[in-house]
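Undergrad: turn this into a structure:
(4 chains)
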2 protein chains.
Amino acid sequence: MRGSRRANITDVAKASGVGVGTVSRVINGAANVREATRLRVLQVVEQLGYQPSHLAAALARGTTRTVGIVVPRLVAPSVTQRLAGALTVLNAEGYETVVCNVDSPAQRDHFLSSLPGRHRTDGVIVVSLPLRADHVAAFRHAAVPLVTVDVSVRGVPHTIIDNLAGGRLVAEHLLALGHTRIGFVGDRVQRKATTALGFTASDRRLVGLLTGLAAAGVAADPSLIRTGPHGPAHAESFATELLALPDPPTAIFAASDSQALGVLAAADRLGVAVPGQLSVIGFDDIQIAGLVGLSTVRQPLEDSGAEGARRLCALIRGQPVKPLRQLLALQVVPRKTTNRAGQGRADSPAESATAPGPAFRATGRIA
Amino acid sequence: MRGSRRANITDVAKASGVGVGTVSRVINGAANVREATRLRVLQVVEQLGYQPSHLAAALARGTTRTVGIVVPRLVAPSVTQRLAGALTVLNAEGYETVVCNVDSPAQRDHFLSSLPGRHRTDGVIVVSLPLRADHVAAFRHAAVPLVTVDVSVRGVPHTIIDNLAGGRLVAEHLLALGHTRIGFVGDRVQRKATTALGFTASDRRLVGLLTGLAAAGVAADPSLIRTGPHGPAHAESFATELLALPDPPTAIFAASDSQALGVLAAADRLGVAVPGQLSVIGFDDIQIAGLVGLSTVRQPLEDSGAEGARRLCALIRGQPVKPLRQLLALQVVPRKTTNRAGQGRADSPAESATAPGPAFRATGRIA
DNA sequence: TGACTCCGTGGAATCGGTTCCATCAGGCGC
DNA sequence: GCGCCTGATGGAACCGATTCCACGGAGTCA
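TA: Numbers count the residues shown, from 1 in each chain, chains lettered A, B, ... in the order given. As a prediction, the model looks like this:
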């Protein structure tokens, strides 16, 4: 195949004896093309193996048919599930997706300040990352549609859950099982803006827990609360501390499932029976939770990504996005790691008559 | 800010009293610009908030500074880790990344046939997906650089592991612990091309296992081999079958860690002690493996993505990629789920004197 | 038959950069 | 003082589409 330069629209126009405008109309399925012409052009397209340049089309059109998604710590299973949900919707809607994985605040700032201005994407989804006012302003000024998932930003459509309600659900679940001495293992918000991405979900879940306990007249013991850097390893050492106390908790709430796995590892290492001597409950319901039988609070991870993507697409089309804040539903999923306080392991604790119903529902709705 | 149309290069040129060529040189850090001129232009750039259009630059330049990566089942932890490794390298090299998640053969074909021709990416990484000859031909014909990760393709640079050797490592590990009755739980290759993505790693790992056993004069019992659709749920039911046999295996090799988790769940449900009555070993060493103490064969997941990305970048720069086949190292990671055959759980089986050294190394090298 | 519509169509202008070539001002050697 | 070389610079051409406007011809109505 000599002269094997990529065929362009002019080549097709010449070879089929029509103008470039007509070829463009055929390619884009516009009306107002005679059927005979259409077929002739399509035949030439086939024959030349012509594929329109995405770049040139985007430049001329002024719209890229590409969206950006900014996520923190991609390897975290919860993030992956959100991303997968978003990708599915975006692909179905005909968008390509540029993924920006953020591991440090510097990277975050780089992506958030370069994405709006570069004529690069038709819109952006930000997952789990708090936005500063200047970030938001940059998007607004460049008129680039923006939505967030799992983080609430004033004036920007966001898809989130009610972490406070989630914490309360945990309190209700554990109280119903007779636990009153309840430990908490979670993240400490890093104040140093240069090193931290600034997640706050853990805090709110803790507050929800405490609120729920207080509502039942149960006083929380501050010495049972441990927070620090994220990651199962830290969770494991915190749990080890808690279990070594003279009067250890009978239940531990971990701010996320991966931290709950750390707690389980600690219990295992210390020979503490779960759920016999210790109940453990996590948050998120990542895929492994089901596998290891971890009780948890389920949030719709893939759905959150999918909803964010849907809302972004609407925004790009110029449709209004009705409630700025979209709350997704939460529910307790009791599995094998929570059981009545002070009881040995039942045959099938999750289904035992004493356990609460299969699921609580948080207030909240799926739009 | 009236007339708030995005500033373009002409605006900058006018405002700073130079030609567009000079502005372009300043932006791209070309030499041959007087320092005074450079500063003046930069000042105007700052003042106008000018950011060059990625699209226009790519079109004019003929190169997009964007690469595509095609992955199957993004939510699988192993895939995520590879993706994360690739993204890190690509970001550092100044490339943006379009992620294509594939859940069905139709999607795979769509991405693989549209990516080469559309003037969209400077190169493509395909992860874990077997390529047909026509796919490869399309890339070659369009002169779009292509590398693969975790799948071997003739004539295309690929970064893989030796699954056969991995299977042998497992055989050696289990034999050293005194196991001879060894079960296998893995995937069955789907023959229907329209529904299957065609992974074959499981098969090769099995063959490696059998080879290793045979080398030690141990005959494998075919009735202990169970293969079927992927996923922990199937693995769990296969393991349940194996454990219900009159003469059950003393060890089970699962073709992947996620399947091993299914095996563990089955043992737990049946009250079979691990590793007391049953040893379990997986493959991959995904992050959760460390958390739950699963013995496994580690393959460098993030590295594989990173290496693929590095090789793609070299290819794009026109540098030759030296060994077409890049083999990454494997090593057994004994944790808490494997122990001597017929022994109760030791205090610390992984470190026990009877266990093999901390790690075996497969033949293989990291380039 | 003439005026007016409407459909199908050709092609120039445009998007916003990069790149190459021509130009020009100095600096240097003789 | 003159010719030559070099480094800085301006700007036209180009990348490959979309889009808008103008135009020709067929059909309609009076």
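
Undergrad: please work out the average pLDDT along stretch A:127-138.
TA: What stretch A:127-138 shows for mean pLDDT is 94.

Undergrad: nope, stretch A:146-161 is what I meant
TA: 96.

Undergrad: and for stretch A:171-190?
TA: Per-residue pLDDT over stretch A:171-190 has a mean of 93.

Undergrad: so it, near chain B or not?
TA: No - Stretch A:171-190 lies out of reach of chain B by Cβ under 8 Å from any Cβ of the partner chain, never closer than 14.1 Å. C-beta coordinates here come from the backbone N, C-alpha and C atoms, glycine included.

Undergrad: roughly how far is that stretch from the heart of the chain?
TA: The chain centre lies 23 Å from the centre of stretch A:171-190; the measure is Cα atoms, centre = their mean, to the nearest Å.

Undergrad: OK, contacts around A:Ala235?
TA: A:Val185, A:Ala254, A:Ser258, A:Gln259, A:Ala260, A:Leu261, A:Gly262, A:Val263, A:Ala266 (Cβ atoms under 8 Å, 6 or more residues apart in numbering or on different chains).

Undergrad: hang on, isn't the fifth one packed against A:Val297?
TA: No - taking Cβ atoms under 8 Å as the contact criterion, A:Ala260 and A:Val297 are not neighbours in contact, 10.4 Å apart.

Undergrad: quick revisit: which pair of the contacts of A:Ala235 spans the longest distance?
TA: A:Ser258 and A:Ala266 (13.5 Å; Cβ to Cβ).

Undergrad: in chain A, which residue is closest to the centre?
TA: In chain A, the centroid-proximal residue (Cα atoms, centre = their mean) is A:Arg82; its distance is 3.7 Å.

Undergrad: and whichever strand or helix holds that residue, what's buried?
TA: A:Arg82 is part of helix A:77-92, with elements assigned from DSSP states H and E. Residues A:77-91 are the ones in helix A:77-92 that count as buried (16 or more other Cβ atoms under 10 Å in any protein chain shown).

Undergrad: from those residues, list the ones also adjacent to chain B.
TA: Answer for the buried residues of helix A:77-92 near chain B (Cβ under 8 Å from any Cβ): A:Pro77, A:Thr80, A:Gln81, A:Leu83, A:Ala84, A:Leu87, A:Thr88, A:Asn91.

Undergrad: what is the nearest of these to DNA strand C?
TA: Closest to DNA strand C out of those is A:Asn91 (26.2 Å), distances taken as Cβ to the nearest atom of the strand.

Undergrad: pLDDT wise, what is that closest one at?
TA: For A:Asn91, pLDDT reads 96.

Undergrad: need the contact list for it.
TA: Contacts of A:Asn91 (Cβ under 8 Å, 6+ apart): A:Thr97, B:Cys100, B:Asn101, B:Gln107.

Undergrad: now do 7 Å
TA: With contact set as Cβ atoms under 7 Å, 6 or more residues apart in numbering or on different chains, A:Asn91 has no partners.

Undergrad: that one and B:Val79, how far apart?
TA: Distance, A:Asn91 to B:Val79, by Cβ to Cβ, to the nearest Å: 16 Å.

Undergrad: spatially nearest residue to the residue of the stretch 101-250 of chain A found nearest DNA strand D, not counting backbone neighbours?
TA: In the stretch 101-250 of chain A, the residue that lies nearest DNA strand D is A:His119 (12.4 Å; Cβ to the nearest atom of the strand). Excluding the flanking residues, the one nearest A:His119 by Cβ to Cβ, 6 or more residues apart in numbering or on different chains is B:Ser53, at 3.8 Å.

Undergrad: surely the one you found touches A:Arg120?
TA: No - counting by Cβ atoms under 7 Å, B:Ser53 does not reach A:Arg120; the two are 8.3 Å apart.

Undergrad: how about stretch A:232-251 as CSV, C-alpha atoms only?
TA: Presented in CSV, the C-alpha positions along stretch A:232-251 are these (Å, rounded to 0.1, in the frame of the first residue of the first chain):
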residue,chain,number,x,y,z
PRO,A,232,-5.3,-1.4,57.4
ALA,A,233,-1.9,-1.6,59.1
HIS,A,234,-2.6,1.3,61.3
ALA,A,235,-6.1,0.0,62.0
GLU,A,236,-4.6,-3.3,63.0
SER,A,237,-2.3,-1.6,65.6
PHE,A,238,-5.1,0.5,66.9
ALA,A,239,-7.3,-2.5,67.4
THR,A,240,-4.5,-4.3,69.1
GLU,A,241,-4.3,-1.4,71.6
LEU,A,242,-8.0,-1.5,72.2
LEU,A,243,-8.1,-5.2,72.7
ALA,A,244,-5.2,-5.0,75.2
LEU,A,245,-7.1,-2.6,77.4
PRO,A,246,-8.1,-4.0,80.9
ASP,A,247,-11.8,-3.5,79.9
PRO,A,248,-11.7,-3.9,76.1
PRO,A,249,-14.7,-3.0,73.9
THR,A,250,-17.1,-5.8,72.9
ALA,A,251,-17.5,-4.3,69.5
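
Undergrad: on the pLDDT front, check A:Thr10 for me.
TA: A:Thr10 is assigned 94 on the pLDDT scale.

Undergrad: would you list every one of the helices in the stretch 51-200 of chain A?
TA: For the stretch 51-200 of chain A, the helices defined by DSSP state H, counting those that start in this stretch cover A:54-61, A:77-92, A:105-117, A:133-142, A:163-176.

Undergrad: so what's the gap between the longest one and the chain middle?
TA: The gap between the average C-alpha position of helix A:77-92 and the chain average comes to 8 Å, counting by Cα atoms, centre = their mean.
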